[in-house]
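Colleague: Structure of the sequence below:
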Amino acid sequence: MLFSYSFQNKKRDLSDILSTVVKDSPRFISNFRTVENATQQKHEWLEDQIAGRSITAISAADGTITVNASDAKKVTAGTLVTFKDDSALFVVKTVNSSNIILELASPNGSALTAETLPAEGGVFNIVSTPVSEGSVVGDETGITGNFNYNCTQIFRKDIVLSGSAMAINVFGNVDNLLNRQTSFALDELARDLNRVALFGRRVEASSTTKGEAGGLYFFGCGDGALSIDAADNTLDSFIINDAAQAVLSEGGDPMQILCSPGQARVLASEYRQNLQILRSDDRRGAYVAQIVNEINGRGMVIMADPDMPDCDAWIIDPAGFGLSSLQGRAICDEDATPKGFDGIKRMALGEITFEFKNAKQRLCRIKNLKSSTEALAALKN
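Modeller: Numbers count the residues shown, from 1 in each chain. Predicted coordinates for the structure are as follows:
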């Protein structure tokens, strides 16, 4: 090696530094807190039970509902259930394979009975399973939720200092130069992670396939996902509250509005007419960083991410997000200088994935928005 520096034979763990860079980034990636390491390239997690348990009937006839096998395991004889959006209380008499026989326990002011349930089935919310004194295992079911998974993806950044750059010595000695370039590399890695966290697809690694981590659109779209069609309308508080209500109804806590910078300006403009300019003020303008939803009065922070498509926005409960490194493969840098190279090369390498717990309950996409350019032009005129 032609050049030497204090940590040339050392492998440095950069995961803590990357966590700080990610946390302080004003982008979507800053929602991801560091969680437990992945133990394999297919990283699995248990979904949280954030809403009351329920079963979905495929059909119903004469007090008997037909459900799938996984739903049948959630109830037992004596379990109390209610039909969604109705107050009548039913008790499970027997569970036989995928057939559940219900009996009216208390009308609770409703005219619905077990025999008059809709033939196409519907959703039944599990109230509870009362147990007797001295109960034993099996008197209450222990089924809490499902699992999901993501795949790890390898990220690499090369840190290169040429001999000429070190000779100029503008930024101090070699150690300072390398630390500065490492900081640049981690900033670039954070931007790459942000785009993967938004648009990545889930691909499991094999001998012929590179592993890829799925992102927001992968987990937040598709069958069963929450979405609101804006139908080419302007993003406003009414659409925001519709999406927030969808998340809240599924057990999530809508805490963030993710959108493009242009759509953030559109939201701010909605409140412009409510501003009051006082003579003593030395500032004016509409800057809106938080909107209070009309469902539970909680605030939702606006995050304007330049990587976001302009015609989309998301209402997000970020509690289910996590950034996980493969065990022993957290982001580290080490010397990679080839023999005779005129300078120094170090390699930052790590294998990382993202957790999206309860994505179909905590995420709601607002699609087909009017572009911010058109919306702002209309507001201006």
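Colleague: Check which helices and strands the longest helix along the chain sits against.
Modeller: As assigned by DSSP state H, the longest helix anywhere in the chain is helix 174-199. On a contact count with 3 or more Cβ pairs under 8 Å, 6 or more residues apart in numbering; DSSP states H and E, helix 174-199 meets helix 15-24, strand 153-162, helix 163-168, helix 216-220, strand 343-356. Using the backbone N, CA and C atoms, a C-beta is placed for each residue, glycine as well.
Colleague: right, so of the ones you listed, which gets closest to residue 372?
Modeller: Comparing the helices and strands packed on helix 174-199 against residue 372 with Cβ to Cβ, the closest turns out to be helix 216-220 (19.2 Å).
Colleague: Go ahead and produce PDB holding the CA coordinates of whatever helix or strand comes next after the closest one.
Modeller: Counting by DSSP states H and E, the next helix or strand C-terminal to helix 216-220 is strand 226-229. What follows is strand 226-229, C-alpha atoms only, in PDB (Å, rounded to 0.1, in the frame of the first residue of the first chain):
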ATOM      1  CA  LEU A 226     -56.700   0.500   2.100                       C
ATOM      2  CA  SER A 227     -57.000   3.200  -0.600                       C
ATOM      3  CA  ILE A 228     -59.000   6.300  -1.500                       C
ATOM      4  CA  ASP A 229     -59.600   7.300  -5.100                       C
END
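Colleague: Least reliable of the helices and strands packed on helix 174-199 by average pLDDT, please.
Modeller: Lowest mean pLDDT within the helices and strands packed on helix 174-199: helix 163-168, at a mean of 76.
Colleague: hey, C-alpha coordinates of it in PDB?
Modeller: The C-alpha trace of helix 163-168 is given here as PDB (Å, rounded to 0.1, in the frame of the first residue of the first chain):
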ATOM      1  CA  GLY A 163      -3.200  10.300  -4.300                       C
ATOM      2  CA  SER A 164      -3.700  13.800  -5.700                       C
ATOM      3  CA  ALA A 165      -6.600  14.500  -3.500                       C
ATOM      4  CA  MET A 166      -4.600  13.600  -0.400                       C
ATOM      5  CA  ALA A 167      -1.600  15.600  -1.600                       C
ATOM      6  CA  ILE A 168      -3.800  18.800  -1.900                       C
END
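Colleague: And it, what does it pack against?
Modeller: Identification of packing neighbours for helix 163-168 by 3+ Cβ pairs under 8 Å, 6+ apart yields helix 174-199, strand 343-356.
Colleague: List the buried residues in the longest helix of the chain.
Modeller: Buried residues in helix 174-199, counted by 16 or more other Cβ atoms under 10 Å: 174, 177-179, 181-182, 185-186, 189-190, 193-194, 196-198.
Colleague: picking up where we left off before, go through the helices and strands packed on helix 174-199 and name the closest to residue 264.
Modeller: The nearest among these, by Cβ to Cβ, is helix 216-220 at 17.2 Å.
Colleague: Please enumerate residues in contact with the closest one?
Modeller: For helix 216-220, the surrounding residues in contact (Cβ atoms under 8 Å, 6 or more residues apart in numbering) are 28, 148, 150, 197-202, 314, 356, 359-360, 363, 365.
Colleague: swap in stretch 55-74?
Modeller: Contacts with stretch 55-74, where a contact means Cβ under 8 Å, 6+ apart, come from 53, 75, 81, 95, 97-103, 114-115, 117-124, 126, 141, 143.
Colleague: Relative to the whole chain's centre, how far out is stretch 67-85?
Modeller: Offset of stretch 67-85 from its chain centre (Cα atoms, centre = their mean, to the nearest Å): 29 Å.
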